[in-house]
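Engineer: Here is a sequence with its predicted model. Questions after.
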Amino acid sequence: MDNVLLPLFSILPILFYLAPFVFMVWFLLKFLKIQQEKNQILKNISDKLDHLNNNHSET
């Protein structure tokens with residue numbers, strides 16, 4: 001029984017070292033995706049405002 005648990009415990013520190021890096025990469029990718037969506041929404045709003053301003057200036 002002890003022979004089975006020993007390799008599992010030796011992998012545990014490696015996982016603790018890799019977990020923060022994996023989390024940081026996931027967080028950065030998620031953050032970039034959210035920022036990209038926000039930029040797209042702001043661009044749509046800006047385009048609509050420009051369209052409204054152009055219509056008002058023609059009249």
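Structural biologist: Structure's in. What do you need? Residues are numbered from 1 along each chain as shown.
Engineer: For residue 39, which three-state class applies?
Structural biologist: helix (DSSP: H, G, I helix; E, B strand; the rest coil).
Engineer: do you know how far it is from residue 31?
Structural biologist: The gap separating residue 39 from residue 31 is 13 Å, by Cβ to Cβ, to the nearest Å. C-betas here are computed from N, CA, C, even on glycine.
Engineer: Which strand or helix spans residue 42?
Structural biologist: If you go by DSSP states H and E, residue 42 is part of helix 2-58.
Engineer: Quick check: mean pLDDT of that helix?
Structural biologist: Averaged across helix 2-58, pLDDT comes to 90.
Engineer: and it, how far from the chain's centre?
Structural biologist: 0 Å (Cα atoms, centre = their mean, to the nearest Å).
Engineer: How about stretch 51-59?
Structural biologist: Distance, centroid of stretch 51-59 to centroid of chain: 37 Å (Cα atoms, centre = their mean).
Engineer: Spatially central, which residue of the chain would that be?
Structural biologist: In the chain, the centroid-proximal residue (Cα atoms, centre = their mean) is residue 30; its distance is 1.1 Å.
Engineer: and it, how far is that from residue 36?
Structural biologist: From residue 30 to residue 36 the distance is 11 Å (Cβ to Cβ).
Engineer: again, but for residue 17
Structural biologist: Residue 17 is 30 Å from residue 36, by Cβ to Cβ.
Engineer: Neighbours of residue 50, how many?
Structural biologist: 10 (other Cβ atoms under 10 Å).
Engineer: what sits against it?
Structural biologist: The neighbourhood of residue 50, defined by Cβ atoms under 8 Å, 6 or more residues apart in numbering, contains no residues.
Engineer: Report the separation between it and residue 56.
Structural biologist: From residue 50 to residue 56 the distance is 11 Å (Cβ to Cβ).
Engineer: Residue 21 too?
Structural biologist: 53 Å.
Engineer: for residue 30, same thing?
Structural biologist: Distance from residue 30 to residue 56, by Cβ to Cβ: 40 Å.
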